[in-house]
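Peer 1: sequence unknown, structure follows:
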């Protein structure tokens, strides 16, 4: 008989060991899935995890690694603030989209004005757009006690509708011969988020992600608000008795996560994506949830987890082109990582006991 026994306190060893174990189990289960699809599982895993770093085109892929990891880390840092406090923002994808639309709208409004002030204004607009979109579930929870999970998630579909309408309407390129999508920011230097060091993938979105990691580390380790976030997540009743304002905490956590997601959207639309298009969003807001939990809601862990998930994006694209794997298989592979993490995370709070079943 196998029984789960509650630990007196969470195991720190298992807390940090479970992400590595989840990655290993994901590789095994993913290999089985690839074999069922008729592909060599060893070659598929090697293409996803090894080739982008040590393969023939590693130099190109390493630059792409930072490009993919930047928005994931930026969004996950914001999500981790709410998750630590028991505030579940599942709609970062919508905040990411609205931040991109707002930032791009400001940049295109100045076209073709050439000034250094354009890009900073776009950054402010992107952060504000994501912040205001996150305030909708925040205010509804504070005023009417609604469930922020459902509200934030449903708002993603509203954001996608707004994105499509902007790409086909207000932000549509007047010189685009009728094709949907805005002007390309690569042809507008004042609004383009170009690489700081050519060929490295290092752009201002990556810099913002690194700053967010440092900010979150200081917040959680040294600031009173970080202590209140931790206390609210671990002991909500004690937090209320300790003078923590629940409404202010909800608005702070949702606002910060929305602003960071909006920034990620702005840096992506003005850089790697290059324009507002119908298919601009690629699921970064949802993948960042995996990044946040894989990183144990810790800023340094999120940094490493963001690089790992970015590796699966790059390696997955390589596997699609070289091995013919469907995109859905790569998405399922990424989803396995979260499910295995949640499954083995049980060992943090419980220990397994083996023995014979007692006779009544």
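Peer 2: That came in fine, so what should we check first? The shown structure was predicted, so the numbers you read here are calculated from the model rather than taken from an experiment. Residues are numbered from 1 along each chain as shown.
Peer 1: residues contacting the most centrally placed residue in the chain?
Peer 2: In the chain, the centroid-proximal residue (Cα atoms, centre = their mean) is residue 288; its distance is 2.2 Å. Counting by Cβ atoms under 8 Å, 6 or more residues apart in numbering, residue 288 touches 71, 72, 75, 76, 79, 92, 261. The C-beta positions use only the backbone N, C-alpha and C, and glycine is treated the same way.
Peer 1: quick one: it is in a helix?
Peer 2: Yes - under DSSP: H, G, I helix; E, B strand; the rest coil, residue 288 sits within a helix.
Peer 1: Retrieve the pLDDT associated with it.
Peer 2: Note on residue 288: pLDDT of 95.
Peer 1: How about the one 4 residues further on?
Peer 2: On the pLDDT scale, residue 292 is placed at 95.
Peer 1: The one 3 residues further on now?
Peer 2: Model confidence at residue 295, given as pLDDT, is 93.
Peer 1: That one touches residue 308, doesn't it?
Peer 2: No - at 9.1 Å, residue 295 does not count as touching residue 308 under the criterion of Cβ atoms under 8 Å.
Peer 1: more crowded one of these two?
Peer 2: residue 295 (23 against 19; other Cβ atoms under 10 Å).
Peer 1: Dihedrals phi and psi, that one?
Peer 2: Torsion angles at residue 295 (phi, psi; degrees, to the nearest 10) stand at phi -90, psi 10.
Peer 1: tell me the contacts of it?
Peer 2: Per Cβ under 8 Å, 6+ apart, neighbours of residue 295: 19, 76, 80, 301, 302, 303, 304, 305, 306.
Peer 1: switch to 10 Å and redo it
Peer 2: Residues near residue 295 by Cβ atoms under 10 Å, 6 or more residues apart in numbering: 19, 73, 76-77, 80, 301-306, 308-309.
Peer 1: hang on, the earlier thing: and the nearest residue to the residue nearest to the centre of the chain once chain neighbours are set aside, how many neighbours?
Peer 2: Excluding its sequence neighbours, the residue lying closest to residue 288 (Cβ to Cβ, 6 or more residues apart in numbering) is residue 75, at 3.7 Å. Neighbour count for residue 75, taken as other Cβ under 10 Å: 36.
Peer 1: mind listing what residue 75 touches?
Peer 2: Contacts for residue 75 were tallied using Cβ under 10 Å, 6+ apart; they are 89, 92-93, 95-96, 130, 209, 212, 257-258, 260-265, 284-289, 291-292, 302, 306.
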